[in-house]
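J.: here's my sequence, what's the structure:
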Amino acid sequence: MRDDLSGTKGTIVMVCAVLAGLLLAPAPPAAAWSDWGYSGSSYGGDWYDDSEDREYAEESAREAGRAKRRDEVEAKLQQQSAEHAEYTDAVIEASKASVQAPRGVYYRKPGFISGEAPGAGAQVIEEAGVKVFYEQGLFWVKQGTQYVVIAAPYGVVVDTIPAATTRVANKAGEEYGYFFGTFFQRKGEKFVIVKPPVGLNVTYLPDGYETKSAENSTLYVFGNVTFKPVFVLGVLVYQVVGA
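T.: Numbers count the residues shown, from 1 in each chain. Modelled structure (predicted):
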């Protein structure tokens, strides 16, 4: 019996020794883990999942594309806005010459054609063998069965001037009556159509003028008179530069 116990005890002691040896054995070297693709870092080997980096890179590329498209759209809008502003300025520049003209006044620009004759109160004037009809500041000639408005002929004397005639004067103090491109000077009890002197300013031009480009300016031509826009005491006026 003692021999059996001592044999069992010896076996137990041996097993314990083996287990202790296993538990106390040093850890395997890092190289032993290399076969598993582990390098001791969470970013090493096959254990690293780079899907988040790929998604970040793809999203960055998409955002760069969206930013580029936004820049392109913004640039296009700015270009369109600049073109619109330029167009608007051109329209205003081309039309503002007549924007200050009196409203509600009977006026027809040269070249206007009517099938109706001037009123019975029209003044009839013989000019160079042509019968001219003068009515409310306008001059008409008959062409066939129609009547056409013409620019006021210089030297013609009329009995009256329109109520909307404005008074203008040059630096010499000479006064003129001005009505939609026509200049009057008093001649006794009547009025004569005259060429305006260079330097005379008016506040508007009538519809029917033409524009032409000049150095640093736009010129306006109405009949035989050429005007240029100038500012007098901050007010836009149109100055005679040729007649």
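
J.: next SSE after the helix or strand of the chain with the lowest mean pLDDT?
T.: The helix or strand of the chain with the poorest confidence is helix 2-24; it has a mean of 53 (mean pLDDT, DSSP states H and E). Counting by DSSP states H and E, the next helix or strand C-terminal to helix 2-24 is helix 51-95.

J.: for that following helix, what is the average pLDDT?
T.: Taken as a whole, helix 51-95 has an average pLDDT of 75.

J.: and stretch 165-180, by the same measure?
T.: Mean predicted confidence for stretch 165-180 is 94.

J.: gap between the two ends of that stretch?
T.: Using CA to CA, to the nearest Å, one end of stretch 165-180 lies 8 Å from the other.

J.: okay, buried residues for it please.
T.: For stretch 165-180, burial by neighbour count (16 or more other CB atoms under 10 Å) applies to Thr165, Val168, Tyr176, Gly177, Tyr178, Phe179, Phe180. C-beta coordinates here come from the backbone N, C-alpha and C atoms, glycine included.

J.: bridged to the third one, which residues?
T.: Taking DSSP bridges, one finds Val168 as the beta-bridge partners of Tyr176.

J.: once you drop chain neighbours, what's closest to Lys195?
T.: Closest residue to Lys195 in three dimensions, ignoring its sequence neighbours and counting by CB to CB, 6 or more residues apart in numbering: Ala243, at 4.2 Å.

J.: check contacts around that neighbour.
T.: Applying CB atoms under 8 Å, 6 or more residues apart in numbering, we find Ala243 in contact with Lys195, Pro196, Pro197, Val198, Asn224, Val225, Thr226.

J.: mind doing that once more with 6 Å?
T.: Lys195, Pro196, Val225 (CB atoms under 6 Å, 6 or more residues apart in numbering).

J.: what about the last one, neighbour count?
T.: Yep, that's Val225 we're talking about. Counted with other CB atoms under 10 Å, residues neighbouring Val225 total 23.

J.: I'd like the distance between it and Val157.
T.: Using CB to CB, to the nearest Å, we find Val225 at a distance of 19 Å from Val157.

J.: quick revisit: out of the contacts of Ala243, which sit inside strands?
T.: Val225 (DSSP state E).

J.: distance to Leu219 and pLDDT for the contacts of Ala243 - can I get that in JSON lines?
T.: Shown next, in JSON lines, are those (distance: CB to CB, whole Å; pLDDT from 0 to 100):
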{"residue": "Lys195", "distance to Leu219": "17", "pLDDT": "96"}
{"residue": "Pro196", "distance to Leu219": "15", "pLDDT": "96"}
{"residue": "Val225", "distance to Leu219": "11", "pLDDT": "95"}
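
J.: nearest to Gln78 among the contacts of Ala243?
T.: Distances from Gln78 to the contacts of Ala243, taken as CB to CB, are shortest for Val225 (41.1 Å).
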